[in-house]
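> Sharing a model prediction with you, sequence too.
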Amino acid sequence: MDEKGALSGRTALVTGVGGAIGRAIARNLKDSGAYVIGMDRSPLASDSFLDEVVEADLGGGPVPSIPCPARELDFVIHGAGGVFREEVGGPEFISDRSVIDKTINDNFVSFMDLVAICRPAMTSDSSITVLSSINAIVPFGLPIYSATKGAVNSFVIAMAPQLLNQGIRLNAVAMGTVDHPGLRDLQAADVDLYERLRSTVPGGKFLTLDEAASGVVAVAVKSRGVAGSVSVIDKGQSNFVALGRGNYLATLTSPPTAAKLLRFWITAAWAKLRSR
């Protein structure tokens with residue numbers, strides 16, 4: 001958003017602010033004049049631009065006993081979560097229950113925790129937005145991570161009507177690959193990851209942090225008529241992969257097949273129907 005003063009007097013809570021994407025989202029909201037509360041499982045730098053900081057391990061067990069913020073919340077954005085190195089650098093499917101459990105907790109259970117904690121503090125014209133991933137839409141491997149993001153999308157669709165009764169809009173953003181330090185860190189697990197991913201983006205240019213943050217904030221703040229939706233922000237990456245382009249997986253290097261095209265058009269038609 002980044003319109004100076006546009007969110008003056010509004011309060012936002014952003015999770016995952018210790019990471020690059022969560023921090024970019026929080027910065028975007030702050031630059032627009034919002035009072036920003038940051039939440040992360042790790043201590044943050046004391047010179048942070050955030051107005052308040054809450055340290056919490058969402059998804060780490062029973063719902064954490066974190067008090068509702070003293071201020072009413074207008075926007076809650078769940079930017080925490082991600083894929084673990086064990087799955088990126090491991091075999092095609094990891095049956096290690098510890099990896100499965102922490103991936104589910106980090107991406108899905110943490111979101112349910114956040115909704116439970118923040119719901120009582122939300123205003124009657126507010127929004128909760130969660131970062132999902134295009135991994136839940138098109139095949140990029142990483143089946144455990146992809147399944148958890150699929151669960152997030154389903155939770156949003158099923159839970160949205162209940163929250164609308166309280167005046168809360170619940171939406172997800174299926175994010176494409178964002179070029180940030182965490183992506184480069186994953187190269188330690190898979191040295192070819194960066195170039196293989198880059199081949200799946202039209203033009204070879206990932207989303208920048210600013211583009212990702214602006215897109216998420218637009219869904220949270222400006223899309224007042226949208227609820228129970230999964231919006232895709234990916235520079236066309238998911239369409240590119242669905243059509244059989246790129247070489248992230250060996251199965252995607254062949255020309256588009258009828259089955260791939262059919263799946264793509266069905267997905268696109270369903271998304272269009274849901275947006276009406």
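Everything's here; your move. For clarity, every value in this text was computed on a predicted model and none was experimentally measured. Residues are numbered from 1 along each chain as shown.
> How far off centre is stretch 145-161?
11 Å (CA atoms, centre = their mean, to the nearest Å).
> before we move on, what about stretch 104-119?
Offset of stretch 104-119 from its chain centre (CA atoms, centre = their mean): 13 Å.
> tell me how far the ends of it are from each other?
End-to-end distance for stretch 104-119, by CA to CA, to the nearest Å: 22 Å.
> any residues touching the strand or helix carrying Ser126, and which ones?
If you go by DSSP states H and E, Ser126 is part of strand 122-133. The contact list for strand 122-133 (CB atoms under 8 Å, 6 or more residues apart in numbering) reads 16, 21, 72-79, 81, 111, 114-115, 118, 145-146, 149, 152-153, 156, 163, 166-175, 216, 219-221, 224, 230. No exception for glycine: its C-beta is placed from N, CA and C like everyone else's.
> again, only this time at 6 Å
72-79, 111, 149, 152-153, 167-175, 219-220 (CB atoms under 6 Å, 6 or more residues apart in numbering).
> In ChimeraX, how would I select the buried members of those?
Buried subset of the contacts of strand 122-133, written as a ChimeraX selection, criterion 16 or more other CB atoms under 10 Å:
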select :73,74,75,76,77,78,79,111,149,152,153,168,169,170,171,172,173,174,175,219,220
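> Out of the contacts of strand 122-133, which sit inside helices?
Phe111, Lys149, Val152, Asn153 (DSSP state H).
> how about Tyr35, phi and psi?
Here is the backbone geometry of Tyr35 (degrees, to the nearest 10): phi -80, psi 120.
> returning to what we had before: walk me through which strands the strand holding Ser126 pairs with, and which way each runs.
strand 73-78 (parallel), strand 168-175 (parallel) (DSSP bridges).
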